[in-house]
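[1] Here's a sequence, model it:
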Amino acid sequence: MILLSRLFKHSTHDYLSEEEQITISIRPMFKQSEDHPSQQMSAYYDQVINEAEKRAEEIIQSANQHADRIYQTVQEEKEKAKEEQELVRKEAYEEGYLTGMSKGKEDGFNSYTSRLAEVKEIINAAKTDYEETIQSADRTILTISMNVAEKIIATELTHHSEHYQSYVKNALKEAKHYKNIKLIVHPDKYLELLSYKDELKAMLPVEAGLYILPDEELSVVDCVIDSDNGRIDATCKSQIDEIKERLSEWLETHHELG
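    Below you'll find the model as predicted:
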């Protein structure tokens, strides 16, 4: 995943340089297919992405404002250091004139070096603060966007049976060449799936065999397919991973256009 530091276009960059069973992931639920209206699912998908992007924009703006404050602090320190350097030079000259040019130059140089070390320390501290700010914003965007995605997906699959049916059908498509297929779902979805079991069986070869089983350990919106050939993980996590990928693409595009 890209760091949000790539999104900041401020001049801060001027001073901050440098068993035999196989587990198979289900293809994205949002993939267009003949089993559900593509426009409806596209609108649902965009809802998830748009909400995550909105929150990301807010966090980026906040991080940018903090970076601006850091930049302003460093600029003020640099200006102050410049003024003090001139003062040190003047004092060194005057002292050298009164007590000897050699000693004056030495004292002036020592004072100048000491002040430069202080400025360097301030800039390094600001750099650390800046990096911690953008890294924190990066983690926050991921956390918020994943929470948003999980909430919306869970709501849609729980309350809209046509979405859950499409979800299950896409999983079964991955298992159409398997034998002794066991479709495992949460008990709350068990009777619903039984009601259109014939429709699901029609998607598979006659010899495949389809059994629907309840499992309380699964989330109400998840399903798992076991067979002689392996297991298909059709849990909500696979959908969240897709949201994460789309958000990363959005961040990359945001950077390129920024």
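
[2] residues in contact with the closest residue to Leu204 other than its chain neighbours?
    Among residues not flanking Leu204 along the chain, Lys176 sits closest, at 5.5 Å (CB to CB, 6 or more residues apart in numbering). All C-beta spots, glycine's among them, are computed from the backbone N, C-alpha and C. Taking CB atoms under 8 Å, 6 or more residues apart in numbering as the contact definition, Lys176 lies against Met203, Leu204, Pro205, Ala208.

[3] filter those to the buried ones?
    Leu204, Ala208 (16 or more other CB atoms under 10 Å).

[4] Help me confirm that Asn170 is found in a helix?
    Yes. If the criterion is DSSP: H, G, I helix; E, B strand; the rest coil, then Asn170 is within a helix.

[5] for the stretch 151-258 of the chain, what spans make up the helices?
    Ranges of helices in the stretch 151-258 of the chain, per DSSP state H, counting those that start in this stretch, are 161-174, 187-195, 197-201, 236-257.

[6] Quickly, which of those helices bottoms out on average pLDDT?
    Comparing mean pLDDT across the helices of the stretch 151-258 of the chain, the lowest value falls on helix 236-257: a mean of 67.

[7] rewinding a little: of the contacts of Lys176, which belong to strands?
    Counting by DSSP state E, those place none of their members in strands.

[8] Specify which member of the contacts of Lys176 is nearest to Ile243.
    Nearest to Ile243 out of those is Met203 (CB to CB; 26.3 Å).

[9] my guess is that closest one meets Lys173, correct?
    Yes. Using CB atoms under 8 Å as the test, Met203 is close enough to Lys173 to be in contact (6.9 Å).

[10] among the helices of the stretch 151-258 of the chain, which is the most enclosed?
    With neighbours defined by mean count of other CB atoms under 10 Å, none of the helices of the stretch 151-258 of the chain is more surrounded on average than helix 161-174, at a mean of 19.

[11] State the pLDDT value of the closest residue to Tyr211 other than its chain neighbours.
    If the residues on either side of it in the chain are set aside, Tyr211 comes closest to Lys182, at 4.9 Å by CB to CB, 6+ apart. Reported pLDDT at Lys182 in the predicted model: 93.

[12] Lovely, talk soon.
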